[in-house]
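Visitor: let me see the structure of the following:
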Amino acid sequence: MGQPVREYLLTLCVTAAVTYLLTGPVRKFAIAAGAMPEIRARDVHREPTPRLGGIAMFGGLCAGLLVASHLTNLKSVFESSNEPRALLSGAALIWLLGVLDDKWGVDALVKLGGQMIAAGVMVLQGLTILWIPIPGIGTVSLTPMQGTLLTVALVVITINAVNFVDGLDGLASGMVCIAAAAFFMYAYRLWYGYGIEAAAPATLFSVVLMGMCVGFLPHNMHPARIFMGDSGSMLIGLVMAAGAVSITGQVDPDLLGEKTGGVREATHAMVPVYIPLLLPLTVIAVPVADLILAIVRRTWKGQSPFAADRGHLHHRLLEIGHSHSRAVLIMYFWSALIAFGAVAYSVNNASMWIVLGIVLLSAVGLVLLLLPRFTPRAPRWAEWMVPPRYRRSTRGPAVTADGEGAGGPEGEREAVPAGINGATAIGDRSRFVDRRKAGSNR
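Guide: You can find the predicted model right below:
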């Protein structure tokens, strides 16, 4: 079993290296091509930043699949299944759509149609859901039409979930990388632990997806030098959805029951896949929750579900008082807790220690989440011993709307309300950026 691990590691390293090396030239190309949109009111960065990072990620995807197709153990995936080619076809279409959107902008309905077409192309080449395992009922076979509709819905939901969460530097790529790592552990266990070859494509997709994210993250961490754009976020969303479709609708639960020793054991082993039925809800639960909340919020206000706003979870973390980096790390924490917790429960569902560990870590996460609300203040007699942020001393005169402050006129700049961009868990930073002039009202 050591040989497949080395081949997976090689595939991951090649994918990450190609993505990393291509991102620099892609950044220069994006600047030369003018793919640097103006800052919008909902953005949290202060300077125009080039997009089109998805070009480098697509190059890494192609390189990873190419290398895997020539390795001793992994080439059998390409010989026995058409799913890698189906993934590459759908990825090419969604990537091209994203590139056009990053450069010129594409209407939301057109993007939705393109996502459905990309999903349909994968279905036509065999990457589709054939059956659904339901606890207490068993395996439910789907008609071709039902399988197609469910597959397209799953792909579109996952793509938009990742796209919606791509609002902070390094957030989307890091969360998807965490989800892919957890998904790889589960799929690898099915393939080499139980000998179920139908899980092989999903295992490969997870490794390639991890490599794409790891290679892009050094360029995308705060402060980001380049954004992945829609060409990147929709691409990694589609790859994640392809793995979910492959392992949800291609792995036979009856075969898993034979390998695990019974229906009950097979049911528990499939927990991360079909509870709920949409697998991405367990491995990228945070982006999906953000997607659902955004749709409900915008529909309640009478807006289009695709209308951009500043109500996403990462925006709310900034408003609470977290810094940019801390908000990203908190989102990482919750993504890892949910994804790896589901995988751990599938491995040993009879252990109460796993449940207690998840509950304990959830409590720690809530404390970290609300930490800015409880900033300690030292008593006046001890203020000289602590940093200024912990003192009760009053702040200097705030800058007024006409630009007058303690230091004299400051031009026509206005103070941004604390917490929108730049507030930290240990105090508020002064920001003088008029975002209403920075871009569109979206």
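Visitor: so where is the stretch 1-150 of the chain shaky, pLDDT-wise?
Guide: 1-3, 38, 40-46, 133-138 (pLDDT under 70).
Visitor: strands of that one, start to end?
Guide: 131-134, 138-141 (DSSP state E, counting those that start in this stretch).
Visitor: if I look at residue 117, how far off is residue 167?
Guide: Residue 117 sits 26 Å away from residue 167, going by Cβ to Cβ, to the nearest Å. The C-beta positions use only the backbone N, C-alpha and C, and glycine is treated the same way.
Visitor: more neighbours: which of these two?
Guide: A direct count of neighbours by other Cβ atoms under 10 Å for residue 117 and residue 167 places residue 167 higher, at 22 against 14.
Visitor: tell me the SS of that one?
Guide: coil (DSSP: H, G, I helix; E, B strand; the rest coil).
Visitor: look up how far residue 354 lies from it.
Guide: Separation of residue 167 from residue 354 (Cβ to Cβ): 32 Å.
Visitor: okay, buried residues for the longest helix along the chain please.
Guide: If you go by DSSP state H, the chain has its longest helix at helix 2-33. Neighbour counts over helix 2-33 (16 or more other Cβ atoms under 10 Å) mark 4, 7-8, 10-20, 22-23, 26-27, 30 as buried.
Visitor: show me what contacts the residue lying farthest from the centre of the chain?
Guide: Distance to the chain centre peaks in the chain at residue 381, reaching 47.2 Å (criterion: Cα atoms, centre = their mean). Applying Cβ atoms under 8 Å, 6 or more residues apart in numbering to residue 381 gives no contacts.
Visitor: quick check: residue 53 touching residue 26?
Guide: Yes - using Cβ atoms under 8 Å, residue 53 is in contact with residue 26, at 6.5 Å.
Visitor: joint contacts of the two?
Guide: With Cβ under 8 Å, 6+ apart, residue 53 and residue 26 have common neighbours residue 226.
Visitor: and stretch 85-98, what's buried?
Guide: 85-95, 97-98.
Visitor: for the residues you listed, which one is nearest residue 191?
Guide: residue 87 (16.9 Å; Cβ to Cβ).
Visitor: could you check the pLDDT of residue 353?
Guide: For residue 353, the pLDDT comes out at 88.
Visitor: for residue 247, that is, sorry about that
Guide: At residue 247, pLDDT is 81.
Visitor: go on, residue 358?
Guide: With respect to pLDDT, residue 358 scores 89.
Visitor: equivalent analysis for residue 256, please.
Guide: For residue 256, pLDDT reads 58.
Visitor: just the one 3 residues further on next, same as before
Guide: According to the model's per-residue confidence, residue 259 sits at a pLDDT of 55.
Visitor: what's the neighbour count on residue 185?
Guide: With other Cβ under 10 Å as criterion, residue 185 counts 18.
Visitor: any idea which helix or strand carries it?
Guide: helix 171-188 (DSSP states H and E).
Visitor: show me what that helix is packed up against.
Guide: Using 3 or more Cβ pairs under 8 Å, 6 or more residues apart in numbering; DSSP states H and E, the elements in contact with helix 171-188 are helix 144-165, helix 200-220, helix 229-249, helix 280-283, helix 285-300, helix 324-347.
Visitor: residue 131: which of those is closest?
Guide: helix 229-249 (6.4 Å).
Visitor: only alpha carbons, please: show the helix or strand hosting residue 367 as CSV.
Guide: Using DSSP H and E, residue 367 sits in helix 352-370. Output of helix 352-370 as CSV, limited to C-alpha atoms (Å, rounded to 0.1, in the frame of the first residue of the first chain):
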residue,chain,number,x,y,z
MET,A,352,-18.3,8.5,22.4
TRP,A,353,-14.8,10.1,22.5
ILE,A,354,-15.2,11.3,19.0
VAL,A,355,-18.5,12.9,19.7
LEU,A,356,-17.2,14.5,22.9
GLY,A,357,-14.1,15.7,21.1
ILE,A,358,-16.3,17.4,18.4
VAL,A,359,-18.4,19.0,21.1
LEU,A,360,-15.4,20.3,23.0
LEU,A,361,-13.7,21.7,19.8
SER,A,362,-17.0,23.3,18.9
ALA,A,363,-17.1,25.1,22.3
VAL,A,364,-13.5,26.2,21.7
GLY,A,365,-14.5,27.5,18.3
LEU,A,366,-17.4,29.5,19.7
VAL,A,367,-15.1,31.1,22.3
LEU,A,368,-12.7,32.1,19.6
LEU,A,369,-15.5,33.4,17.5
LEU,A,370,-16.9,35.7,20.2
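Visitor: can you count the residues close to the nearest residue to residue 120 once chain neighbours are set aside?
Guide: Ranked by Cβ to Cβ, 6 or more residues apart in numbering and with sequence neighbours excluded, the top spatial neighbour of residue 120 is residue 152, at 6.3 Å. Residue 152 is flanked by 22 other residues according to other Cβ under 10 Å.
Visitor: in contact with residue 152, which residues?
Guide: By Cβ under 8 Å, 6+ apart, the neighbours of residue 152 are 116, 119, 120, 123.
Visitor: which of those has the most neighbours?
Guide: Most surrounded of those: other Cβ under 10 Å gives residue 119, at 28 neighbours.
Visitor: so it touches residue 151, yeah?
Guide: Yes - here residue 119 reaches residue 151: they are 6.3 Å apart, a contact under Cβ under 8 Å.
Visitor: ok, residue 162 touching residue 172?
Guide: Yes - using Cβ under 8 Å, residue 162 is in contact with residue 172, at 5.7 Å.
Visitor: give me the nearest residue to residue 82, chain neighbours excluded.
Guide: residue 126 (4.7 Å).
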